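[1] A predicted structure for the sequence below; I have some questions about it.
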Amino acid sequence: MKKIRTYKDSLDYIFSKLPIFQRIGPKALKYDLSNIIKLIEAIGNPHLKFKSIHIAGTNGKGTTSHALASIFQQAGYKTGLYTSPHYKDFRERIRINGKFITRSYLKSFIIKLQELIEKIKPSYFELSVALAFKYFADMKVDIAIIETGLGGRLDSTNIITPLLSVITNISIDHTQTLGNTLAEIATEKAGIIKDNIPVVIGEKQAKCEKTFKDISDKKHSPVYFADDILQITKIKQNPYCTKLKVKPEILDISTLKTDLTGPFAPANIKYTLAALYVFSEKYKDWNITKDNILKGLRHIKRNTKYIGRWHILSRKPLTIADGAHNIGAIKNTLEYINSLKYNKLHIIFGIVNDKNWDEIFRLLPKEAEYYFTKAHIPRAMNEIDLKNRASEYNLRGTSYKNIFEAQKSVKNNAKEDDLVLILGSIYLVGEVI
């Protein structure tokens, strides 16, 4: 067993020693709770030492987590935030008031637990969850916003008993693990619903509504649908700010501005406000004012260091990196770009091997010029294979061995009034930002 001495040693150990979804996909998942329970018990059950809100869903759960964290932080609460995956730095996953977990804490955690890790053999995700929960407990956060990794029922984060559960929406994704239908996936996501703990469902979807109601009834958990609480409509939007109308007025708010941009802002703000409304009605002793909410939503990026969704890299040409990587998210992104004014569309596109991309290929605009490439991970589809496969759907372009070669080509080709979209893989977006 190699002795860990430095922060770099710690990261190398995490990345090289453990099964990582980024590297090998679904095979990396230990899709049960036995391992995380062993690990968390061995370090003193830190998850019992802080209050939390638990968030699952196919799309929007990460953004909603950031938005809620920003509001609690703005209200003066010491707020933990656990999200995944990370884009640039592993420590993005674990933050308190927008600051990443310290290198020294991470290093000491791995050094102290190396023998235990060798014995229990947790997955990469299990270890990151245990690290986050121990950090939040040791730092004595007032509340932690916890995003599930994948699914809900058997997700490693699902050992907490939160003050509130939130399920943003359901779309087809990770079918190898979660199921092939919306109802099957909803059942997995609904696994975060706890006895007598209220749950907010972000979208009323005909194929999922009964599932959520049935499981909530069994758990004696009050269930609220965001669509029954409020509607959000867009008043004005540009690539840098969004103004929204709230109807009916809740939490004394009728209009708001947010630094969330792109097609997802209205839905994600709806999930956030519905969750906060239910939370405020249930837990009267938490002091969150209208001003806290408005400032928290206006400054999500500044407060939490939010990146990766509709991430603007340059203005001329407008260049946007977006982590949309499933049918629902990509469909929303493509619908939104139709509302933008631009001359020509350039799409830098890279995907992973282990998903069914046929439906997404059918959605992609045929008039765009494509730059087929790959992220620097083993799961990435080879750029030449990607180009050949895309050509079957009349998507035309050139292949590049990495994102930087693709960017160089776009820089030479795109005019100031064109639009450049980087799409298809969170890992690709992570490399470019």
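    Looks like it arrived, so ask away.
[2] per-domain residue ranges of the chain.
    7-229, 311-432 (automatic domain parsing).
[3] right, and residue 345 touches residue 423 too?
    No. Residue 345 is beyond contact range of residue 423, at 10.9 Å (criterion: Cβ atoms under 8 Å). For the C-beta atoms, the positions are set from N, CA and C on the backbone; glycine is no exception.
[4] sorry, back to before: and the domains of the chain as JSON lines, adding mean neighbour count, mean pLDDT and distance to residue 246?
    Shown next, in JSON lines, are the domains of the chain (neighbours: other Cβ atoms under 10 Å; pLDDT from 0 to 100; distance: least, Cβ to Cβ, whole Å):
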{"stretch": "domain 7-229", "mean neighbour count": "20", "mean pLDDT": "90", "distance to residue 246": "10"}
{"stretch": "domain 311-432", "mean neighbour count": "18", "mean pLDDT": "91", "distance to residue 246": "20"}
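[5] would you list the ones you listed in TSV and tack on distance to residue 283?
    TSV is the format used below for the domains of the chain (distance: least, Cβ to Cβ, whole Å):
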stretch	distance to residue 283
domain 7-229	6
domain 311-432	31
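[6] just so I know, which of those domains lies nearest residue 244?
    For those, proximity to residue 244 was assessed by Cβ to Cβ; domain 7-229 is nearest, at 12.1 Å.
[7] what's the distance between that closest one and the middle of its chain?
    For domain 7-229, the distance from its own C-alpha centre to the chain's C-alpha centre is 10 Å (Cα atoms, centre = their mean, to the nearest Å).
[8] cool, stretch 221-230 as well?
    22 Å.
[9] Then stretch 384-400?
    Stretch 384-400 sits 28 Å away from the centroid of its parent chain (Cα atoms, centre = their mean).
[10] could you dump it to PDB, C-alpha only?
    What follows is stretch 384-400, C-alpha atoms only, in PDB (Å, rounded to 0.1, in the frame of the first residue of the first chain):
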ATOM      1  CA  ILE A 384     -14.100   9.300 -36.300                       C
ATOM      2  CA  ASP A 385     -16.700   6.800 -35.200                       C
ATOM      3  CA  LEU A 386     -18.800   9.700 -34.000                       C
ATOM      4  CA  LYS A 387     -18.500  11.500 -37.300                       C
ATOM      5  CA  ASN A 388     -19.400   8.300 -39.200                       C
ATOM      6  CA  ARG A 389     -22.400   7.600 -37.000                       C
ATOM      7  CA  ALA A 390     -23.600  11.200 -37.200                       C
ATOM      8  CA  SER A 391     -23.400  11.100 -41.000                       C
ATOM      9  CA  GLU A 392     -26.100   8.500 -41.000                       C
ATOM     10  CA  TYR A 393     -28.400  11.200 -39.800                       C
ATOM     11  CA  ASN A 394     -27.100  13.800 -42.300                       C
ATOM     12  CA  LEU A 395     -25.100  15.600 -39.700                       C
ATOM     13  CA  ARG A 396     -22.000  16.900 -41.500                       C
ATOM     14  CA  GLY A 397     -18.600  18.100 -40.200                       C
ATOM     15  CA  THR A 398     -15.000  17.300 -39.500                       C
ATOM     16  CA  SER A 399     -13.500  15.200 -36.700                       C
ATOM     17  CA  TYR A 400     -10.800  16.400 -34.300                       C
END
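[11] which residues are contacting that stretch?
    347, 349-351, 357, 361-362, 364, 366, 368-374, 381, 383, 406, 409 (Cβ atoms under 8 Å, 6 or more residues apart in numbering).
[12] again, but for stretch 36-48
    113, 116, 120, 122, 126-127, 129-130, 133-134, 136-138, 156, 159-160.
[13] cutoff 6 Å now
    Identification of contacts with stretch 36-48 by Cβ atoms under 6 Å, 6 or more residues apart in numbering yields 116, 120, 122, 126, 130, 133-134, 137, 156, 159-160.
[14] buried set for stretch 231-243?
    Going by neighbour count (16 or more other Cβ atoms under 10 Å), the buried part of stretch 231-243 is 232, 237, 242.
[15] what helices or strands is whichever helix or strand the first one is part of leaning on?
    Going back to what we said before, that points to residue 232. Take DSSP states H and E as the rule and residue 232 turns out to sit in strand 231-238. Helices and strands touching strand 231-238, as assessed by 3 or more Cβ pairs under 6 Å, 6 or more residues apart in numbering; DSSP states H and E, comprise strand 241-250, helix 265-282.
[16] What residues sit buried inside the last one?
    For helix 265-282, burial by neighbour count (16+ other Cβ under 10 Å) applies to 265-279.
[17] now it: mean pLDDT?
    Across helix 265-282, the average pLDDT comes to 97.
[18] Report the next helix or strand after that helix in sequence order.
    Remark: after helix 265-282, the chain's next helix or strand is helix 290-298, criterion DSSP H and E.
[19] what's next to that following helix, contact-wise?
    With Cβ under 6 Å, 6+ apart, helix 290-298 has contacts from 70-71, 74-75, 251-252, 256-258.
[20] Show the average pLDDT along it.
    In the prediction, helix 290-298 has an average pLDDT of 98.
[21] and the next element down the chain from that helix?
    Immediately after helix 290-298, counting by DSSP H and E, sits helix 300-304.
[22] List the buried residues of that following helix.
    Buried, per 16+ other Cβ under 10 Å, within helix 300-304: 300-301, 303-304.
[23] Mind putting the residues you listed into JSON lines with distance to residue 413?
    Converted to JSON lines, those look like this (distance: Cβ to Cβ, whole Å):
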{"residue": "300", "distance to residue 413": "33"}
{"residue": "301", "distance to residue 413": "30"}
{"residue": "303", "distance to residue 413": "37"}
{"residue": "304", "distance to residue 413": "35"}
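[24] circling back to that earlier point, closest to residue 413 among the contacts of helix 290-298?
    residue 258 (33.0 Å).
[25] Break down the stretch 101-250 of the chain into its helices, ranges please.
    103-120, 124-138, 175-178, 182-189, 206-219, 226-229 (DSSP state H, counting those that start in this stretch).
[26] Need the ones you listed in TSV (columns: distance to residue 14).
    Below are the helices of the stretch 101-250 of the chain laid out as TSV (distance: least, Cβ to Cβ, whole Å):
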stretch	distance to residue 14
helix 103-120	7
helix 124-138	7
helix 175-178	22
helix 182-189	26
helix 206-219	34
helix 226-229	36
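[27] can you tell which of these is closest to residue 63?
    With Cβ to Cβ, the closest approach to residue 63 among the helices of the stretch 101-250 of the chain belongs to helix 226-229: 14.1 Å.
[28] what's the closest one packed up against?
    Helix 226-229 packs on helix 265-282, going by 3+ Cβ pairs under 6 Å, 6+ apart.
[29] can you tell me which residues contact residue 93?
    84, 86, 128.
[30] Using CSV, please lay out those together with distance to residue 66.
    Shown next, in CSV, are these (distance: Cβ to Cβ, whole Å):
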residue, distance to residue 66
84, 13
86, 13
128, 17
